[in-house]
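In: Fold the following and give me the result.
(chains A, B, C and D)
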Number of protein chains: 2
Amino acid sequence: MVARGGRGARRVTVKSIAREAGVSLTTVSRALNDRPDIDAETRGRILSIAQRLGYHPSSLARSLATQRTQTLGLAVRTLSDMWVVEIVPAIEEMAHTAGYEVFVTTHYAEPDRERRVLDTFRSRQVDGILVISATLGEAYPPFQEEWGIPLVLISPLVDTAHRLVVGNDETGGARAAARYLAELGHRRIGHIGAPSWARPGRERLAGYHLGLAEAGLADDPALVYIGDAGVDSGLKGAEALLALPDPPTAFFCFSDLTAVGVLRGARARGLRVPEDVSVVGFDDVQLARYVEPPLTTIRQNMAEMGRRATRMLLDAIDGSEPEAAVELQPRLVLRGSCAPPGKEASRRA
Amino acid sequence: MVARGGRGARRVTVKSIAREAGVSLTTVSRALNDRPDIDAETRGRILSIAQRLGYHPSSLARSLATQRTQTLGLAVRTLSDMWVVEIVPAIEEMAHTAGYEVFVTTHYAEPDRERRVLDTFRSRQVDGILVISATLGEAYPPFQEEWGIPLVLISPLVDTAHRLVVGNDETGGARAAARYLAELGHRRIGHIGAPSWARPGRERLAGYHLGLAEAGLADDPALVYIGDAGVDSGLKGAEALLALPDPPTAFFCFSDLTAVGVLRGARARGLRVPEDVSVVGFDDVQLARYVEPPLTTIRQNMAEMGRRATRMLLDAIDGSEPEAAVELQPRLVLRGSCAPPGKEASRRA
DNA sequence: TTGTAGGCGTTATCAA
DNA sequence: TTGATAACGCCTACAA
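Out: Residues are numbered from 1 along each chain as shown, chains lettered A, B, ... in the order given. I've put the predicted structure just below:
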């Protein structure tokens, strides 16, 4: 049997290098960290020895000594929030160029789990924290003040007094969607929404009401269906509303996923989109482009949100005064799922 | 101006607790770690003091002392590989219940970036590493042997001599797809593939050929279009093949995304799916269920792959002999995108 | 330009 | 059952 290297492998440390080079630890450290106060020749020699020995610093030890980990903690709801694919790379890129590594974890919108994640972040001493879709609201302040770890919230699900927040104007986006539909000529506009315990659900609903009001449309409570934000809730919502005696000719949906559900619901009823019924989604996830018809939707610039949030965090970390709370404007992306109400639809109305 | 707590906040350490409790560091450590060799009363007192002071251990220091970080490094290609949403949670769950935290990073299938990621993992001294879609092939062995950090590869993109690998039978899956199409009665079956530098592209193409051969079908090179695995390559591939004098009546696609492209290409040509042309995807990502028609596709059980890989890694970490290389069988998922060749199609053929 | 010594917060070893 | 003391690997005054 061959001898197994196993975990016994001797580690190359500054000490080994010092011994090999015949200098002190300090000198090695200086050479490795590219300090000015060292002889060029000495440094060269040390560096090449380090190279030859295959030296790799222990960030554990370094962090313990410097009290900086060069790490950012990023907590997201789930990896299947489809826009994480857009925001995470944006955050990572910015962090990397600033010399930070990013530690991604999930909190599943469960306060307990979120607390545990934050705990982990603290015990690992990350230098800063980013939480997307946070559910903890009031529990944050001690974090920044007591432990000195700055924290930035991105699109929190709950109301919060936290200072460092970047969100987007959900209400405004929803309002734009509703008005667009109204301008197209729709008079019965349904809404498939999400539970109101979370801000997006609440605010998008509010925006919907606002849009209707501004367009001078009656606001029929029967046209609002609240589900769980998934495809199925869109499907069920569409079934329910479409079965009404005076059904909607257009739907403003909480998310692209719900919108996809509505697409299916309409199709199941033999209705064509957009000829018979129009639908607007929210988020502009990758999926939106590929369903048939491509979804008209509200796009939040997640990459930009990520960048702004990271900038905020980085500023807070190195003590410069970070930008105050930021709210970005989403915009309407026109694709193929909307049209003026068709003949058949108008006749019904 | 209010005094800023800043990073000056004094940390609560075992030492503070020891002082407060009037015992030694050692005793505190024992109490905190639930050791048997300590007086129950003492322990209780220490614990409550720790609680009161708001003690939180420094995993940095602990790891430095124990040489274990209780952390697994997970490198994925990108977060937009849509099946990461399936595999990552599976890995995380298993890791968590075994007391490990998971550190997710991206390597973008770039060898350089991958090397850097592995470097980070090593300097952070993760206890084990998982790489999905690895591109490094031969460069791994030193890792395990020299640094004693076990590493498991999941679906590597390149051939590798690495011992700990879990993959799935790409060839078999592709072959099943081709045969299924043949059994449906199709005689001209196209393939929209991916570049052959990566194993999946190569093996799925091989499986396609195998399936055709087994069905006794002629293998027309003109029916193979190699693109970049994205939606656009599916679209372009469909356009190209459908414009052939003797076009295919069915497509086996490298991925669900390519399949979506084919769907669009067919539609653009006025062809209906599945009446005029059938299409099979690969991966069964979330999207597959929601396009119209829902995609018949090859499903790899990513969650299972994740679990097997994690088990392997955990075994390797605590020295028990890990299971040898594992190859999982994908399976065909029947949905709405396939049918026997239609009248129009048959007439053409 | 280089070296000495102490500290970062824990755990582990060995006595008492 | 408890307590000194020495690691772990690195950084950083301060001194030479």
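
In: Now do the helices in the stretch 1-150 of chain A.
Out: A:14-21, A:25-32, A:40-53, A:59-66, A:84-97, A:111-123, A:141-147 (DSSP state H, counting those that start in this stretch).

In: pLDDT averaged over the second one - what is it?
Out: Predicted confidence along helix A:25-32 averages 94 (mean pLDDT).

In: Report whether it contacts chain B.
Out: No: Helix A:25-32 lies out of reach of chain B by C-beta under 8 Å from any C-beta of the partner chain, never closer than 12.5 Å. No exception for glycine: its C-beta is placed from N, CA and C like everyone else's.

In: So which other helices or strands are in contact with that helix?
Out: helix A:14-21, helix A:40-53 (3 or more C-beta pairs under 8 Å, 6 or more residues apart in numbering or on different chains; DSSP states H and E).

In: mind checking which of these is nearest residue A:319?
Out: With respect to residue A:319, and counting by C-beta to C-beta, the nearest of the helices and strands packed on helix A:25-32 is helix A:14-21 at 29.6 Å.

In: I would like the residues contacting the closest one, please.
Out: A:24, A:25, A:27, A:28, A:29, A:32, A:45, A:46, A:49, A:50, A:53, A:55 (C-beta atoms under 8 Å, 6 or more residues apart in numbering or on different chains).

In: now the angle between helix A:40-53 and that helix, please.
Out: For helix A:14-21 against helix A:40-53, the angle by axes from the mean of the first three to the mean of the last three C-alpha atoms, to 10 degrees is 110 degrees.

In: quick one: helix A:14-21 near DNA strand D?
Out: Yes: interface with DNA strand D: helix A:14-21 contributes A:14, A:15 (C-beta under 7 Å from any atom of the strand).

In: any residue of that helix up close to DNA strand C?
Out: No: counting by C-beta under 7 Å from any atom of the strand, DNA strand C has no neighbours in helix A:14-21; the shortest distance is 7.6 Å.

In: Run a quick neighbour tally on residue A:123.
Out: 16 (other C-beta atoms under 10 Å in any protein chain shown).

In: thinking it is in contact with residue B:63, fair?
Out: No: in this structure, residue A:123 is not within contact of residue B:63 by C-beta atoms under 8 Å, at 10.3 Å.

In: Compare the helices of the stretch 1-150 of chain A and say which comes out lowest on pLDDT.
Out: For the helices of the stretch 1-150 of chain A, the weakest mean pLDDT is recorded on helix A:141-147, namely a mean of 71.

In: May I see the buried residues of that one?
Out: A:143, A:144, A:147 (16 or more other C-beta atoms under 10 Å in any protein chain shown).

In: JSON lines please, covering these and showing distance to residue A:235.
Out: Output for the buried residues of helix A:141-147, formatted as JSON lines (distance: C-beta to C-beta, whole Å):
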{"residue": "A:143", "distance to residue A:235": "41"}
{"residue": "A:144", "distance to residue A:235": "43"}
{"residue": "A:147", "distance to residue A:235": "46"}
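
In: Can you say which of the helices and strands packed on helix A:25-32 is packed in most?
Out: Most buried of the helices and strands packed on helix A:25-32, by mean neighbour count (mean count of other C-beta atoms under 10 Å in any protein chain shown): helix A:14-21, with a mean of 17.

In: Helices along the stretch 151-300 of chain A, start to end?
Out: Counting by DSSP H, counting those that start in this stretch, the helices of the stretch 151-300 of chain A are A:170-183, A:199-214, A:231-242, A:256-268, A:286-290.

In: so which of those helices comes closest to DNA strand C?
Out: helix A:199-214 (36.3 Å; C-beta to the nearest atom of the strand).

In: No further queries at this time; thank you.
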